[in-house]
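Student: Let me see the structure of the following:
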Amino acid sequence: MDKVNFYNFLEEKGYQKETIREANGTTFCTNYQKELSENTWNSLTVHKDKTITGASPKNGILFKQIPQPEAKDDAVNLLIKIEEY
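Tutor: Residues are numbered from 1 along each chain as shown. Just a heads-up that it's a prediction; the model follows:
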């Protein structure tokens, strides 16, 4: 089982990162999105507690605040789900 740095993996797969901050400057969450086709985006949110929520354009929210994948195969399978449109 190949371990994966999930954040680097997302960026390698073409995901754009946006950090959302609270008024005091601390990170509230980090959103990752990928344009799957023109004007069609998916979304993956990393919460403060390092859990993730993901949505696809076709099926909406697919999972909410689940643990991040630690293995590359699990990360690939997760992206397949949220890239469905």
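Student: Scan the chain for its longest helix.
Tutor: helix 72-82 (DSSP state H).
Student: And the helices in the protein?
Tutor: Secondary structure of the chain by DSSP H: the helices cover 6-12, 72-82.
Student: So which elements touch the longest helix of the chain?
Tutor: Under the contact criterion of 3 or more CB pairs under 8 Å, 6 or more residues apart in numbering; DSSP states H and E, helix 72-82 touches helix 6-12, strand 40-47, strand 52-56, strand 60-66. Quick note: C-beta positions are derived from backbone N, CA and C, even for glycine.
Student: Just say which of those is most tucked in.
Tutor: Comparing these by mean neighbour count (mean count of other CB atoms under 10 Å), strand 52-56 ranks first with a mean of 20.
Student: Determine the number of other residues adjacent to the closest residue to Glu18 other than its chain neighbours.
Tutor: Counting by CB to CB, 6 or more residues apart in numbering, Glu18 lies nearest to Asn31, which is 4.8 Å off, once chain neighbours are set aside. The local packing of Asn31 (other CB atoms under 10 Å) involves 15 other residues.
Student: That concludes my questions; thank you for your assistance.
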